[in-house]
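Q: No letters, just coordinates:
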């Protein structure tokens, strides 16, 4: 019996419709409630522009840092298929855990490691006078903790899905390891890297819990757009809605531009 | 005559019979459940108030939602089913009153700011003016929340220029940063210092009297159990309730 993926049981449409409604209707509610008339004024406030600039800047730095560190990690993870089961599963779980952890837990963990009295933070402070919390660097570290796993798993998925025979063929034709990496492997996984990087950027842009816990909130230094949104909700809900719109629009644009790639990357 | 007496006796008995359990019933006709939204700074004291209240009214179940007053007010305006709102500032209560969801709130306690420093006080902070030193790590509440508004008032009154390293989203977040030693000092409520016990050291400062924060409480207009809600509010305002609140560091309104 052949199943065609394009035809599904009509009974599935009802729960599927409810599910989609649950995901989409809240956003719709926000869009309808948005103070469109005041939007230009709300979004051109210096504090908003400052928060937006900081968010985009730190999310960009997070993506660069994640590429530099996460792509090598993805290679290690992809090679872990040959490892014994226990370390293989453990490493995979450790890479995945920031995805499922409440971000605020990540923030606490970072504070206990890199805070002024933390495991690494205390010697840093005592010996070099460097304190990480309440700095823009802390924002980037918090965002990287939360967002890098998206990139790692995307790239790892692409690596596993790529056909290793091309690399072997290139090797038999006399290509060096670096040439194989540059001319064969990289082009094969480039879409995966691109998808992972965009996903990582978007997740970093929306990061709230770990950032406010570890980095704090100071305008222009650590107060990113999600934090500004949360604080505005306490004083001026219209401004908070306007800021939320910005985050939603940016996220949707990025995710649509990914088409179906990122889900494929995460599942394989 | 005898008949009259007999009738009177019957009447008296008839009158007595239902009157017998009546005192017990009038002692506690309250039942059902109420939901109380209260400022985060009331967490510990209200939990204790609740356990005393429930002793007198065992059929009443109280559910608390503690949080930042502004966020709570916003949730109430958005339609959260709430019976009593106790806010940490008149401004946040005004949000609810302006939406015609409550009227005549009563100020039931006051709170003042206090300096909180880590127990070992690494920076040797003694007074508010010490925080002008830019080398110190300092945490304030964001101006959007009541403790932040009180901080702004105190700083305006003293003329001190203190630039904190972070504006936290609520008073407990400031306290946490102090407890962890990540900041050398934070401005929190006196009650928070008391509730934190040995985790932080509190330093009173005279300028705190510039920003005495009043806490209003009100039964909400839409309460489904106004009787029990009013009883809880009355308990908070009663001499016993007031005494209990003062053991947690609150001042008279």
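A: Thanks, I have it. All values reported here derive from a predicted model rather than from experimental measurement.
Q: Run through the residues that contact the spatially most central residue of chain B.
A: The residue lying closest to the centre of chain B (Cα atoms, centre = their mean) is residue B:42, at 3.7 Å. Counting by Cβ atoms under 8 Å, 6 or more residues apart in numbering or on different chains, residue B:42 makes contact with B:66, B:86, B:88, B:215. (Glycine included, C-beta is placed from N, CA and C.)
Q: Three-state assignment for the first one, please.
A: Applying DSSP: H, G, I helix; E, B strand; the rest coil to residue B:66 yields a three-state assignment of strand.
Q: That one against residue B:44, yeah?
A: No: in this structure, residue B:66 is not within contact of residue B:44 by Cβ atoms under 8 Å, at 9.7 Å.
Q: Correct me if wrong: residue A:50 contacts residue A:218.
A: No: counting by Cβ under 8 Å, residue A:50 sits too far from residue A:218 to count as a contact (10.7 Å).
Q: Give me the more crowded residue out of those two.
A: More neighbours surround residue A:218 than the other of residue A:50 and residue A:218, with 20 against 16 (other Cβ atoms under 10 Å in any protein chain shown).
Q: what ranges do the helices span in the stretch 1-150 of chain A?
A: Ranges of helices in the stretch 1-150 of chain A, per DSSP state H, counting those that start in this stretch, are A:13-33, A:39-43, A:46-79, A:85-100, A:103-114, A:121-123, A:136-161.
Q: nope, the stretch 101-250 of chain B is what I was after
A: Applying DSSP H, counting those that start in this stretch to the stretch 101-250 of chain B gives helices spanning B:146-158, B:171-179, B:190-196, B:226-237, B:239-247.
Q: As JSON lines, those with distance to chain A, mean pLDDT and mean neighbour count would be great.
A: JSON lines is the format used below for these (distance: least, Cβ to the nearest Cβ, whole Å; pLDDT from 0 to 100; neighbours: other Cβ atoms under 10 Å in any protein chain shown):
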{"stretch": "helix B:146-158", "distance to chain A": "9", "mean pLDDT": "91", "mean neighbour count": "20"}
{"stretch": "helix B:171-179", "distance to chain A": "7", "mean pLDDT": "91", "mean neighbour count": "25"}
{"stretch": "helix B:190-196", "distance to chain A": "17", "mean pLDDT": "91", "mean neighbour count": "22"}
{"stretch": "helix B:226-237", "distance to chain A": "24", "mean pLDDT": "95", "mean neighbour count": "20"}
{"stretch": "helix B:239-247", "distance to chain A": "25", "mean pLDDT": "94", "mean neighbour count": "14"}
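Q: want to throw those into TSV with distance to residue A:189?
A: Shown next, in TSV, are the helices of the stretch 101-250 of chain B (distance: least, Cβ to Cβ, whole Å):
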stretch	distance to residue A:189
helix B:146-158	48
helix B:171-179	41
helix B:190-196	51
helix B:226-237	62
helix B:239-247	63
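Q: ok, which residues in the stretch 1-150 of chain B are in contact with chain A?
A: For the stretch 1-150 of chain B, the contact set with chain A under Cβ under 8 Å from any Cβ of the partner chain comprises B:68, B:70, B:71, B:74, B:137, B:139, B:142, B:144, B:145.
Q: again, 10 Å this time
A: Counting by Cβ under 10 Å from any Cβ of the partner chain, the stretch 1-150 of chain B comes close to chain A at B:68-71, B:73-74, B:77-78, B:91-92, B:95, B:118, B:122, B:135, B:137-140, B:142-146, B:148-149.
Q: which among these end up buried?
A: The neighbour count (16 or more other Cβ atoms under 10 Å in any protein chain shown) marks B:68-71, B:73-74, B:92, B:95, B:118, B:137-140, B:142-146, B:148-149 as buried among the residues of the stretch 1-150 of chain B next to chain A.
Q: Check the closest residue to chain B within the stretch 151-268 of chain A and give its pLDDT.
A: The stretch 151-268 of chain A approaches chain B most closely through residue A:216 (2.9 Å), counting by Cβ to the nearest Cβ. Listed pLDDT for residue A:216 reads 92.
Q: Repeat that for residue A:256.
A: Predicted confidence (pLDDT) for residue A:256: 86.
Q: what pairs with the residue lying closest to residue B:126 once chain neighbours are set aside across the strands?
A: For residue B:126, ignoring the flanking residues on the chain, the nearest one in space by Cβ to Cβ, 6 or more residues apart in numbering or on different chains is residue B:203 at 6.9 Å. Beta-bridge partners for residue B:203, by DSSP bridges, are residue B:115.
Q: do you know how far whichever residue of the stretch 151-253 of chain B sits closest to chain A is from residue A:106?
A: For the stretch 151-253 of chain B, the residue closest to chain A is residue B:166, as judged by Cβ to the nearest Cβ, at 2.9 Å. Residue B:166 is 18 Å from residue A:106, where distance means Cβ to Cβ, to the nearest Å.
Q: Count the neighbours of the nearest residue to residue A:42 once chain neighbours are set aside for me.
A: Distance criterion Cβ to Cβ, 6+ apart; nearest residue to residue A:42, sequence neighbours excluded, is residue A:242 at 4.1 Å. Around residue A:242 there are 23 other residues, counting by other Cβ under 10 Å.
Q: pLDDT at residue A:242, what is it?
A: The score at residue A:242 is 89. That number is its pLDDT.
Q: With the one 5 residues further on instead?
A: On the pLDDT scale, residue A:247 is placed at 90.
Q: likewise residue A:266?
A: Per-residue confidence at residue A:266 stands at 51 (pLDDT).
Q: Output the contacting helices and strands for the host helix or strand of residue A:200.
A: Per DSSP states H and E: residue A:200 is located in helix A:186-205. With contacts taken as 3 or more Cβ pairs under 10 Å, 6 or more residues apart in numbering or on different chains; DSSP states H and E, helix A:186-205 sits against helix A:46-79, helix A:136-161, helix A:165-172, helix A:237-257, helix A:261-267.
Q: what residue ranges in the chain score low on pLDDT?
A: Defaulting to chain A. Applying pLDDT under 70 to chain A flags residues A:1-6, A:259-268.
Q: look at chain B instead
A: Residue ranges of chain B with pLDDT under 70: B:1-28.
Q: rerun that using 50 as the cut-off
A: B:1, B:4-5, B:7-26 (pLDDT under 50).
Q: need the strands for it, in chain order.
A: Taking DSSP state E to define them, one finds strands in chain B at B:32-39, B:60-67, B:84-86, B:106-111, B:113-118, B:138-141, B:166-168, B:185-189, B:200-203, B:213-219.
Q: among those, which is the most enclosed?
A: Among those, strand B:185-189 has the highest mean neighbour count (mean count of other Cβ atoms under 10 Å in any protein chain shown), at a mean of 30.
Q: got the angle for it vs helix B:171-179?
A: Per axes from the mean of the first three to the mean of the last three Cα atoms, to 10 degrees, the angle that strand B:185-189 makes with helix B:171-179 is 150 degrees.
Q: residues of the helix holding residue A:200 that come out buried?
A: Neighbour counts over helix A:186-205 (16+ other Cβ under 10 Å) mark A:188-189, A:191-205 as buried.
Q: Ends of stretch B:152-171, what's the gap?
A: 14 Å (Cα to Cα, to the nearest Å).
Q: near chain B, which residues of chain A?
A: A:108, A:111-112, A:115-118, A:121-122, A:129, A:131-135, A:212-219, A:221-223, A:227-228, A:230-237, A:240.
Q: Buried among those residues? Need that as a selection in PyMOL.
A: Burial among these is assessed by 16+ other Cβ under 10 Å; the matching PyMOL selection reads:
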select buried, chain A and resi 108+111+115+116+118+121+131+132+133+134+135+212+213+214+215+216+217+218+219+221+222+223+227+228+230+231+232+233+234+235+237+240
